[in-house]
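A.B. asks: here is the input, now give the coordinates:
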Amino acid sequence: MQQVDEKTLYFRKILGETITELRENKNKLSRNKIAGEYSLNDSNLGKIERADIDCKFVTLWKIVEALNIDFKDFILILQSKLGKDFKFMDE
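C.D. replies: The predicted structure follows:
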């Protein structure tokens, strides 16, 4: 099993919180509804929201579509929550 560094864990946490917030508060959608309509695994969606697993790009794209948000707008929301100084790699 591969070790996960603090930055990756932080990213997962913010990603999961952002998805959950948009799903519950903005769109009032259940995980089951998103999973069923967009061919996603409900269990994996829960794991992504809880920051238990990494999210594949294609899966993230499907989730964002299900949330009815433009992908670039989602990235901007995520970027603002991470903070402008967030970087995976140190310079």
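A.B. asks: run through who's touching the helix or strand bottoming out on mean pLDDT in the chain.
C.D. replies: The helix or strand of the chain with the poorest confidence is helix 31-37; it has a mean of 89 (mean pLDDT, DSSP states H and E). The contact list for helix 31-37, computed with Cβ atoms under 8 Å, 6 or more residues apart in numbering, reads Arg23, Leu40, Asn41, Asp42, Leu45, Gly46, Glu49, Ile63, Ala66, Leu67. (C-beta placed from N, C-alpha, C; glycine too.)
A.B. asks: which among those count as buried?
C.D. replies: Buried members of the contacts of helix 31-37, counted by 16 or more other Cβ atoms under 10 Å: Arg23, Leu40, Leu45, Glu49, Ile63, Ala66, Leu67.
A.B. asks: so of the residues you listed, which ones are in helices?
C.D. replies: Of the buried ones among the contacts of helix 31-37, the ones assigned to helices by DSSP state H are Leu45, Glu49, Ile63, Ala66.
A.B. asks: which one of those is nearest Lys56?
C.D. replies: Ile63 (10.3 Å; Cβ to Cβ).
A.B. asks: any idea how far the closest one is from Asn41?
C.D. replies: From Ile63 across to Asn41, the span is 11 Å (Cβ to Cβ, to the nearest Å).
A.B. asks: mind checking how far Phe74 is from Asp90?
C.D. replies: 26 Å.
A.B. asks: which strand or helix spans the residue most central in space within the chain?
C.D. replies: Centroid-nearest residue in the chain: Leu15, 3.8 Å away (criterion: Cα atoms, centre = their mean). If you go by DSSP states H and E, Leu15 is part of helix 6-21.
A.B. asks: please save the CA atoms from that helix in PDB.
C.D. replies: The C-alpha coordinates for helix 6-21 follow below in PDB (Å, rounded to 0.1, in the frame of the first residue of the first chain):
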ATOM      1  CA  GLU A   6      -0.300  15.400   3.800                       C
ATOM      2  CA  LYS A   7      -0.900  17.500   0.700                       C
ATOM      3  CA  THR A   8      -2.700  14.700  -1.000                       C
ATOM      4  CA  LEU A   9      -4.800  14.100   2.100                       C
ATOM      5  CA  TYR A  10      -5.600  17.800   2.300                       C
ATOM      6  CA  PHE A  11      -6.600  17.900  -1.400                       C
ATOM      7  CA  ARG A  12      -8.800  14.800  -1.000                       C
ATOM      8  CA  LYS A  13     -10.500  16.400   2.100                       C
ATOM      9  CA  ILE A  14     -11.200  19.700   0.300                       C
ATOM     10  CA  LEU A  15     -12.400  17.900  -2.800                       C
ATOM     11  CA  GLY A  16     -14.800  15.700  -0.900                       C
ATOM     12  CA  GLU A  17     -16.100  18.600   1.200                       C
ATOM     13  CA  THR A  18     -16.700  20.600  -2.000                       C
ATOM     14  CA  ILE A  19     -18.500  17.800  -3.800                       C
ATOM     15  CA  THR A  20     -20.700  17.100  -0.700                       C
ATOM     16  CA  GLU A  21     -21.500  20.800  -0.200                       C
END
